[in-house]
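Asks: Structural data only, the sequence is not supplied:
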């Protein structure tokens, strides 16, 4: 079991710890969290994302550029339009877990626990 932790970088002395801090820092922005949430449904254009998160296309584009450099999102071009998507499922999982933790901070019986029981 400890061997698995070392392979995946989950050991306390992992070289990935500092990079993980950078990822948390990248996601420590409400607009970026909203972008990740919007992209969970699939790829979207800048204008679609801007409408979904309530920001200007220029502001969303700047956030997406940073998220692309951090490899949180990737792109696909179709003619002159660029579509963004999550690079992998991990950013979505991080954001979901942060939202769930926030629910715990505000509610003794968070909604995500009710959903899990209803599906069981």
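Replies: Sure, I can see it. Just so you know, these numbers come straight off a predicted model, no measurement behind them.

Asks: And the strands in the protein?
Replies: For the chain, the strands defined by DSSP state E cover 44-45, 73-78, 81-86.

Asks: Ok, which of those comes nearest residue 18?
Replies: Taking Cβ to Cβ, strand 73-78 is the member of those nearest to residue 18, at 21.5 Å. Heads up, the C-betas are built off the backbone N, CA and C, glycines and all.

Asks: Remind me what the closest one packs against, helices and strands.
Replies: Applying 3 or more Cβ pairs under 8 Å, 6 or more residues apart in numbering; DSSP states H and E, one finds that strand 73-78 contacts helix 57-69, strand 81-86.

Asks: can you redo those as JSON lines with mean pLDDT and distance to residue 97?
Replies: Shown next, in JSON lines, are the helices and strands packed on strand 73-78 (pLDDT from 0 to 100; distance: least, Cβ to Cβ, whole Å):
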{"stretch": "helix 57-69", "mean pLDDT": "97", "distance to residue 97": "18"}
{"stretch": "strand 81-86", "mean pLDDT": "97", "distance to residue 97": "15"}
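
Asks: now these as JSON lines including distance to residue 26 and mean neighbour count?
Replies: JSON lines is the format used below for those (distance: least, Cβ to Cβ, whole Å; neighbours: other Cβ atoms under 10 Å):
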{"stretch": "helix 57-69", "distance to residue 26": "7", "mean neighbour count": "16"}
{"stretch": "strand 81-86", "distance to residue 26": "13", "mean neighbour count": "16"}
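
Asks: and the top helix by length along the chain with helix 57-69, angle?
Replies: Counting by DSSP state H, the longest helix found in the chain is helix 90-106. Orientation check (axes from the mean of the first three to the mean of the last three Cα atoms, to 10 degrees): helix 90-106 against helix 57-69 gives 110 degrees.
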